[in-house]
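Trainee: Fold the stuff below for me.
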Amino acid sequence: MTGLLDAPRLSPAAGRHVRLGVTRAAVLRRRGTTVAVLAAVLVLAAWRAFGAPGGVINTGGAALLDDLLARALSPRLDAEFLLLVARATATTLAFAAVGAAGALLVGLLGGLALSDAAWSRRPPLPVRLVRTALRGVLVAARSVHELVWALLLVGVLGLDPLVAVLALVVPFGAQTAQVYAETFDGVRGGAHAALRRAGAPRTAAILYALVPGASPLLLSYAFYRFECSLRSTVLLGLVGVGGLGQELVVSLQSRNWEEVWTLVLALLVLSALVEAWSARVRREAGSLGDARPVVAAADAEGVGALAAGRADSAPPTRTWTRWSVLVGLPGLAVAWWWTGASLEGLTDSLTWQLTQELVADLLRPALPDGGGSVLLLAVLDTLAIAVLAMAVAVLLTVVLAPWAAAPTASAAGPRDRSGRTRDIVRAAPRAAARLVSRTVLLGLRSVPPTIWAILALFVFFPGVVPGAVALGLYAAGILGRLVAEAWESVDRRPRDALVRAGVAPWRAGLLAVVPPSVQQLTTYTMYRFEVCVRDTAVVGVVGAAGLGRLLGEGLAAFRYPVVATALLASFAVSVAVELTSRRVRRGLSGNLRPRARPFRRAPARTTRFSV
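Mentor: As a prediction, this is how the structure comes out:
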């Protein structure tokens, strides 16, 4: 794109000429500095991972991994085990549906409470104080991983099915509340304000104007949230809530590799069906109205999920959406019955006593054994895991995402039958590569990071490396999907114009397609990095390094003051990473803030350059 820089403007405040402090040299200097800093951080993370004495590779565990891979073509398929897999699949779906429904309810109420549009005017002081407190509670709730919530709730409720439901509802509801609040604030049109000016009650104006105006994005995000709940339900199998995740952990611990491969295949099929269904509904929802994507730093994957619900030129039918709503409402009742969850445990006197003791312990944080140095090393290990994990994810994304992206239709005009046949034959290898790459990405994100961490511990000693490998593989499946979908929407007309002008196709793609593709990859990578820092707690619980290990050890020993310290450190790291991520994104994009400075009168001079 061509930028017009250094153009003189008149300052309305001072009434004098100013020059925008954005030059090509400044953009290149800032990008170079940002890249150099990122490279230095990557080198330090690699030194932290591989520089420790004692080695990294666990040669004794390679035989186990080799045995696992050797059984890939012989999964267990007898009727008894397949019935067990079917029941575990139903349990996973039930918990995911109930957890997603609860999160959406919390998110809808919280989003309306936090939305400025829902109030129409400045609310009174008591309401503002309540909203501020609610915002802080939601930030704290979503900063704790759902697996950590499950481990905390087990200490209060025991191995109750309600633990899995609440572990999904609390953090996902907090994330949904932020996204829904931004969605309500971004609704176009003044129907809600017009009703309020006409004297309509606040509740009526919200129900008849604000919510219907935002319903396409609300519905789109609801089905994306169900996808996330499905993956997290598999992850919660580590704490014994049932489903495919628990069966996977049991089979891995008992080294029944044939069962492992059967369960992995079940996960792949279930994830593929749910993602295809969710994507179809989100496309239909995006055609119902304004589907501008809502960017929420707390829910990085939601950026691509909502963007996928954009309006097309030819709106599809709403068949999938209607049937989803019709089947979903009674399906929730069946899912609640299937999980066996009950709210009676929340009213039990013992539950309240244990909750009070837990809160009292968490409110008096204490350093772990070894003092502040151990905590500082855990923070460094957490950052090293996240940095190396994103390096692995970006590498796999660059390799797989270009093949996973659907090719655009050729603009060469109509062809005869022989021309179409040649096109089909020529496109067959590309279609096969797309199928393979999409299947690989699906497998990477379908298997929870805890399972990847257990497998990584077959090859590596506990530390930074197995955590980075596990999170990198999982993040690659998500990042690759988002980047592939984003690259499908890149405008190819500049590239086609260069090709028609005689430029080689590879050079035309390098000049016209690669720059916007790299920009999208950078944006999604930095958003995903923020989530990856939070996910380090997952791999730490199963033996990797970082704050997650402190959390796991503290929870196992019921040392809740140490757990509180680890949670506070994790929250501080997440906030620092989010702020740093914003600066890095701005630095790589070259969006420098204009600095107005006076200058002497001189002939207007403009500088044009291509970014």
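
Trainee: Residue 490 - nearest residue in space that isn't next to it in sequence?
Mentor: Sequence neighbours aside, residue 516 is the residue nearest to residue 490 in space, at 5.3 Å (criterion: Cβ to Cβ, 6 or more residues apart in numbering). Every residue, glycine included, has its C-beta placed from N, CA and C.

Trainee: What is the neighbour count of residue 61?
Mentor: As a burial measure, the neighbour count of residue 61 was computed by other Cβ atoms under 10 Å and equals 16.

Trainee: for it, helix, strand, or coil?
Mentor: helix (DSSP: H, G, I helix; E, B strand; the rest coil).

Trainee: re earlier: roughly how far apart are the residue nearest to residue 490 and residue 437?
Mentor: 21 Å (Cβ to Cβ, to the nearest Å).

Trainee: of those two, who's got more company?
Mentor: residue 437 (19 against 16).

Trainee: so that one makes contact with residue 398?
Mentor: No: under the criterion of Cβ atoms under 8 Å, residue 437 is not in contact with residue 398, lying 11.8 Å apart.

Trainee: Residue 258 contacts residue 71, doesn't it?
Mentor: Yes: between residue 258 and residue 71 a contact is recorded at 5.5 Å, counting by Cβ under 8 Å.

Trainee: Point me to the helix or strand that includes the residue nearest to residue 490.
Mentor: helix 514-541 (DSSP states H and E).

Trainee: any weak-confidence spans in the stretch 1-150 of the chain?
Mentor: Counting by pLDDT under 70, the stretch 1-150 of the chain has low-confidence residues at 1-22, 52-54, 120-121.

Trainee: Same question for the chain.
Mentor: Per-residue confidence of the chain (counting by pLDDT under 70) places the weak regions at 1-22, 52-54, 120-121, 188-190, 285-318, 407-427, 587-611.

Trainee: can you give me the strands for it?
Mentor: Secondary structure of the chain (DSSP state E): strands at 2-5, 8-10, 17-20, 596-598, 607-610.

Trainee: List the residues that contact residue 446.
Mentor: Residues touching residue 446, when contacts are defined by Cβ atoms under 8 Å, 6 or more residues apart in numbering, comprise 231, 264, 267-268, 270-271, 477.

Trainee: Go through these and flag which are in helices.
Mentor: With helices taken from DSSP state H, the overlap with those comprises 231, 264, 267-268, 270-271, 477.

Trainee: Quick one: buried ones out of those?
Mentor: Among those, those buried by neighbour count (16 or more other Cβ atoms under 10 Å) are 231, 264, 267, 270-271, 477.

Trainee: Could you dump those into JSON lines with distance to residue 535 added?
Mentor: Formatted as JSON lines, the entries for these read as follows, by distance: Cβ to Cβ, whole Å:
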{"residue": "231", "distance to residue 535": "11"}
{"residue": "264", "distance to residue 535": "20"}
{"residue": "267", "distance to residue 535": "18"}
{"residue": "270", "distance to residue 535": "21"}
{"residue": "271", "distance to residue 535": "18"}
{"residue": "477", "distance to residue 535": "13"}
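
Trainee: Now the closest residue to residue 561 other than its chain neighbours, what are its backbone angles?
Mentor: Setting aside the residues directly before and after it, residue 561 is nearest to residue 366 in space (Cβ to Cβ, 6+ apart), at 3.7 Å. In this entry, residue 366 is assigned phi and psi values of phi -140, psi 150 (degrees, to the nearest 10).

Trainee: How about residue 232, nearest residue that isn't a chain neighbour?
Mentor: residue 146 (5.1 Å).

Trainee: Also residue 168?
Mentor: Closest residue to residue 168 apart from its sequence neighbours, by Cβ to Cβ, 6+ apart: residue 99 at 2.9 Å.

Trainee: For burial, what's the neighbour tally of that neighbour?
Mentor: For residue 99, the count of nearby residues is 31 (other Cβ under 10 Å).

Trainee: gap between it and residue 171?
Mentor: Spatial separation of residue 99 from residue 171 under the definition Cβ to Cβ is 10 Å.

Trainee: same thing with residue 506?
Mentor: In terms of Cβ to Cβ, residue 506 sits 45 Å off from residue 171.

Trainee: If you count surrounding residues, which of those two has more?
Mentor: residue 171 (24 against 8).

Trainee: quick one: contacts for the more buried one?
Mentor: For residue 171, the contact set (Cβ under 8 Å, 6+ apart) comprises 141-142, 144-146, 149.

Trainee: Tell me if I'm right that residue 391 and residue 42 touch.
Mentor: Yes: under the contact definition of Cβ under 8 Å, residue 391 touches residue 42, with a separation of 6.1 Å.

Trainee: Please identify every residue contacting each of these two.
Mentor: Common neighbours of residue 391 and residue 42 (Cβ under 8 Å, 6+ apart) do not exist.

Trainee: and the longest helix for this protein?
Mentor: The helix of greatest length in the chain, counted in residues with DSSP H as the criterion, is given as helix 79-114.

Trainee: Can you give the distance of that helix from its chain's centre?
Mentor: Computed by Cα atoms, centre = their mean, to the nearest Å, the separation of helix 79-114 from the middle of its chain amounts to 18 Å.

Trainee: Kindly report the same for stretch 224-240.
Mentor: Relative to the centre of its chain, stretch 224-240 is centred 13 Å away, using Cα atoms, centre = their mean.

Trainee: export that stretch as CSV, just CAs?
Mentor: The C-alpha trace of stretch 224-240 is given here as CSV (Å, rounded to 0.1, in the frame of the first residue of the first chain):
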residue,chain,number,x,y,z
TYR,A,224,-17.0,-20.8,18.7
ARG,A,225,-17.2,-21.0,22.5
PHE,A,226,-18.7,-24.5,22.2
GLU,A,227,-15.6,-25.5,20.2
CYS,A,228,-13.4,-24.2,23.0
SER,A,229,-15.5,-26.0,25.6
LEU,A,230,-15.1,-29.2,23.8
ARG,A,231,-11.3,-29.0,23.8
SER,A,232,-11.2,-27.9,27.4
THR,A,233,-13.5,-30.8,28.4
VAL,A,234,-11.0,-33.2,27.0
LEU,A,235,-8.3,-31.4,28.9
LEU,A,236,-10.2,-31.6,32.2
GLY,A,237,-10.1,-35.4,31.9
LEU,A,238,-6.8,-35.0,33.8
VAL,A,239,-8.7,-34.4,37.1
GLY,A,240,-11.0,-37.4,36.6
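
Trainee: for it, which positions count as buried?
Mentor: Across stretch 224-240, burial judged by 16+ other Cβ under 10 Å covers 224-239.

Trainee: ok, residue 226 - contacts?
Mentor: Residue 226 makes contact with 96-97, 100, 274, 278, according to Cβ under 8 Å, 6+ apart.
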